[in-house]
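K.L.:
Just a sequence and a predicted model for now, questions to come.
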Amino acid sequence: MDIFVIAYSLLFYGIGRWVKSSPSVMAGYYTIPKEHRERVARQTADCFYRVFRVMAVLMVVAHGVMRLAGVDKVLSGCLSTLVISVVGTVGTALWVQRYNH
């Protein structure tokens, strides 16, 4: 399960890097007016990168803290993945919405 948490956190980091390097992959990119498209896409991509990087670190830290607290390996992996995924997804949506206004 430790390998799964590390792999999943690396996946988050990889998604963040991918979006940052090519913001046109984001949904709604071509619906943004052409004169604002690049600036808005770059800001949003930078925001996504920061959030996904933090999510990856928090997932590993949460798993480590639960393991130190004596929580079962499988349960701590599942809980850290679930909590960080839900909190991170909602947090990303709220942060991006706030960042682009």
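P.N.:
It's in.
K.L.:
Remind me what the longest helix along the chain packs against, helices and strands.
P.N.:
Counting residues, the longest helix found in the chain (DSSP state H) is helix 34-68. Helix 34-68 sits against helix 2-21, helix 73-99, with contacts defined as 3 or more Cβ pairs under 8 Å, 6 or more residues apart in numbering; DSSP states H and E. The C-beta positions use only the backbone N, C-alpha and C, and glycine is treated the same way.
K.L.:
Mind giving me the packing neighbours of the last one?
P.N.:
Contacts defined by 3+ Cβ pairs under 8 Å, 6+ apart place helix 73-99 against helix 2-21, helix 34-68.
K.L.:
Can you convert these into CSV and add a column each for distance to residue 89?
P.N.:
Shown next, in CSV, are the helices and strands packed on helix 73-99 (distance: least, Cβ to Cβ, whole Å):
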stretch, distance to residue 89
helix 2-21, 10
helix 34-68, 9
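K.L.:
TSV for these, including mean pLDDT, mean neighbour count and distance to residue 74?
P.N.:
Below are the helices and strands packed on helix 73-99 laid out as TSV (pLDDT from 0 to 100; neighbours: other Cβ atoms under 10 Å; distance: least, Cβ to Cβ, whole Å):
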stretch	mean pLDDT	mean neighbour count	distance to residue 74
helix 2-21	78	16	9
helix 34-68	81	17	11
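K.L.:
Residue 80: which of these is closest?
P.N.:
Residue 80 lies closest to helix 34-68 among these, at 4.0 Å (Cβ to Cβ).
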